[in-house]
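# With the sequence up front, the predicted model follows.
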Amino acid sequence: MKTNSFSRIGFILAAAGSAVGLGNIWKFPYVTGENGGGAFVILYLIAIAFIGLSIFIAESYIGKESKANAASGYQILSKSQNKNWRWGGFQIFAGIIILSFYAFIIGWIIDYLIISFTGLPSTIKEAEDTFTNLITNEIGTQILFHTIVVATMIFIALKGIKKGIERLNLILMPLLALILFGLLMYAMTLDSFGKAIDFMFMPDWSKITVDSILAAVGQAFFTLSLGMGIIITYSASMGKDTNFVKSSVFVAIVDTAVALIAGIIIFSFLFAAGAKSTAGPGLVFISLPLIFAGWGVFGQVIAVAFFCALLFAGITSAVSLLEPSVRYLIEKFEMSRVKAVYLTSGFLWILGIFALLSMSADYGEMLTFFGKNLFDHMDYLTSSVALPISGFVTCIFLGYYVDKNTLKTKFSSVTSVTVFNIWYALIRYIVPIAIALLFLNKLGVI
Ligand code: PHE
């Protein structure tokens, strides 16, 4: 078993690799842009520090103590070893659904990486058409890249925790840091840098609505990879001497830093070209390529660097999404790793194809029901419904179904009693109440 657990640095890198993903470089900047900048960033930081981090520590604890997959972990640790806690495994399924569309979105990035070499769109119309065309018409291209991404994940997952996941992160995470550092340095030379900083850090509270609070909490969950059994699964392979509280804090800081840096880079670029910050999901795929095109050959170099960063961040997250179900199948059905990897990947590969077809011109209508296409349903049911529910359940589980003294003893070997008390109050009262209120509000109940 030894070769199949992380080294200390390996665990931290892999957890950071999972956390730092498209959520940081793609989603965070556009959600910040849509929600008016500074005030949203502050809400986001609060959501990370109080809600995200407490659940991250909670998941890390469950994994480390149970040394089991995300479904059995709850049962093993519950006071009565109650079998009903096995349903904690529903988050594993949510993860596979997310991965099915995360994979083809990474496929879009590959497409843009190629466009960066062959020629970027030079007018706004062309930029919009390139993106719309990719999603609605280029089914073959999308399926091809989706398949390449899934095949890459299979290749890495087959090699296991240490030789596959740990090694991948050991290579890609430093490369990602290097690229972001270079892009940040370049952004600093632009006149618009100051404006980007102001936009991101000067709060305008009038822009805040209940929806922005929801978006901040949702983003905190997504960006820290919570609610899908990932942190539980990775922590189950954590080395004995890893301090789960410290490593959680570290990962949250790295993840937040990357999001903020990506935001600064992207807004500096946007403002340099006088572009809007409210472009939504098209920010990275429509607005940025256009700006890069305006910078000529140098812009192409920046574009390649940028899309490589996005690609690396995406791959390390995608690989982490596969592992919970792989571990579950291995432990629960005594499957071989090979079989578990192929079964999971095959399923998500097919589901991903249906999801991408649901956005296409030819098959969209067929795959649209209850007012939304399949992709939107999958996104909504996971990000907005399953993730908060999982977070809520994890809090209730540790807060009420695990012996407090046991928790206290385990925590006291790695941190102070004060930290434990704060964390315990958060997961027992504050976080579940906050999640419940936000969730009910989103459903329109309150
Ligand atoms: N945390 C990753 C990101 O920010 C996304 C992710 C979500 C990865 C869920 C795994 C699980 O992009």
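Perfect, I can see it now.

# what's the nearest residue to residue 411 if we skip its chain neighbours?
Computed as CB to CB, 6 or more residues apart in numbering, the closest residue to residue 411 that is not its neighbour in sequence is residue 420, at 4.2 Å. Backbone N, C-alpha and C define where each C-beta goes, glycine included.

# wait, I meant residue 347
Spatial nearest neighbour of residue 347, excluding adjacent residues (CB to CB, 6+ apart): residue 96 at 6.6 Å.

# again, but for residue 141
Take residue 141 and drop its neighbours on the chain: the residue closest to it by CB to CB, 6+ apart is residue 111, 6.4 Å away.

# If you average the pLDDT over the helix or strand containing the one you found, what comes out?
Per DSSP states H and E: residue 111 is located in helix 90-118. Taken as a whole, helix 90-118 carries a mean pLDDT of 94.

# List the contacts of residue 189.
Going by CB atoms under 8 Å, 6 or more residues apart in numbering, residue 189 touches no other residue.

# before we move on, back to that, the residue nearest to residue 411 touches residue 412, doesn't it?
Yes - shown here, residue 420 and residue 412 form a contact pair, counting by CB atoms under 8 Å, at 6.6 Å.

# who touches residue 430 in this structure?
When the contact criterion is CB under 8 Å, 6+ apart, the partners of residue 430 are residue 50.

# what does the stretch 1-150 of the chain have sitting close to the ligand?
18, 19, 21, 22, 23, 24, 98 (CB under 6 Å from any ligand atom).

# secondary structure class for the first one?
What it means is residue 18. Here residue 18 takes the helix state, with states given by DSSP: H, G, I helix; E, B strand; the rest coil.

# how about low-confidence regions in the stretch 1-150 of the chain?
Under the criterion pLDDT under 70, the flagged ranges of the stretch 1-150 of the chain are 1-3.

# same thing but 90
By pLDDT under 90, the low-scoring segments of the stretch 1-150 of the chain are 1-10, 34-36, 70-72, 74-90, 122-125.

# For it, just list every one of the helices.
8-19, 22, 28-34, 38-46, 53-66, 72-77, 90-118, 124-136, 139-158 (DSSP state H, counting those that start in this stretch).

# Could you point out which of these sits nearest residue 179?
Of all the helices of the stretch 1-150 of the chain, helix 90-118 sits nearest to residue 179, with 12.6 Å by CB to CB.

# How about residue 23: what's its closest non-neighbour residue?
Taking CB to CB, 6+ apart, and ignoring the residues beside it in sequence, residue 23 has residue 223 as its nearest neighbour in space, at 4.2 Å.

# no wait, residue 302
Once flanking residues are discounted, residue 302 sits nearest to residue 292: 5.7 Å by CB to CB, 6+ apart.

# From the ligand, how far out is that neighbour?
22 Å (CB to the nearest ligand atom, to the nearest Å).

# And the residue of the stretch 301-446 of the chain that's closest to the ligand?
Using CB to the nearest ligand atom, the single residue of the stretch 301-446 of the chain nearest to the ligand is residue 317, 3.8 Å away.

# Hmm, residue 26 and that residue touching each other?
No - Residue 317 is not in contact with residue 26 according to CB under 8 Å; the separation is 11.2 Å.

# what packs against the longest helix along the chain?
In the chain, ranked by residue count with DSSP state H as the criterion, the top helix is helix 296-333. Judged by 3 or more CB pairs under 8 Å, 6 or more residues apart in numbering; DSSP states H and E, helix 296-333 is in contact with helix 8-19, helix 22, helix 90-118, helix 139-158, helix 167-189, helix 230-236, helix 288-294, helix 337-357.

# Report the mean confidence score over it.
Across helix 296-333, the average pLDDT comes to 93.

# tell me how far that helix is from the chain's mean position?
Its chain's C-alpha centre and that of helix 296-333 lie 10 Å apart, by CA atoms, centre = their mean, to the nearest Å.

# quick one: it to helix 90-118, angle?
Per axes from the mean of the first three to the mean of the last three CA atoms, to 10 degrees, the angle that helix 296-333 makes with helix 90-118 is 160 degrees.

# Could you list the buried residues of helix 296-333?
Neighbour-count burial for helix 296-333, counted by 16 or more other CB atoms under 10 Å, picks out 299-300, 302-330.

# re earlier: need the nearest residue in space to the residue of the stretch 301-446 of the chain closest to the ligand, chain neighbours excluded.
residue 21 (3.2 Å).

# can you count the residues close to that neighbour?
27 (other CB atoms under 10 Å).

# How about the residues of the stretch 201-350 of the chain by the ligand?
In this structure, the stretch 201-350 of the chain approaches the ligand at residues 222, 223, 225, 228, 230, 317, 320, 321, judged by CB under 6 Å from any ligand atom.

# Does the third one touch residue 320 like I think?
I take that to be residue 225. Yes - here residue 225 reaches residue 320: they are 6.4 Å apart, a contact under CB under 8 Å.

# list residues touching both of these two?
Overlap of the contact sets of residue 225 and residue 320 (by CB under 8 Å, 6+ apart) consists of residue 18.

# ok, back up a step: next one, pLDDT for the residue nearest to residue 302 please.
pLDDT, read off for residue 292, is 90.

# Verify the contact between it and residue 299 for me.
Yes - in this structure, residue 292 sits in contact with residue 299. The criterion is CB under 8 Å, and the distance is 3.9 Å.

# intersection of neighbour lists for the two?
When contacts are counted by CB under 8 Å, 6+ apart, residue 292 and residue 299 have residue 120 as shared neighbours.

# if you compare the helices and strands packed on helix 296-333, which one is most tucked away?
helix 230-236 (a mean of 29; mean count of other CB atoms under 10 Å).

# how far out from the middle of the chain is it?
Distance, centroid of helix 230-236 to centroid of chain: 14 Å (CA atoms, centre = their mean).

# now swap in stretch 347-361 and tell me
Taking CA atoms, centre = their mean, one finds stretch 347-361 lying 20 Å from the centre of the chain it belongs to.

# Kindly report the same for stretch 270-290.
From the chain centre to the centre of stretch 270-290 is a distance of 21 Å (CA atoms, centre = their mean).

# What of stretch 323-335?
Per CA atoms, centre = their mean, the displacement of stretch 323-335 from the mean C-alpha position of its chain is 22 Å.

# Give me the contacts around it.
Residues from elsewhere that reach stretch 323-335 (CB under 8 Å, 6+ apart): 68-72, 89, 91-93, 95-96, 157, 161, 165, 228-230, 232-234, 236, 336-337, 339-341, 343-344.
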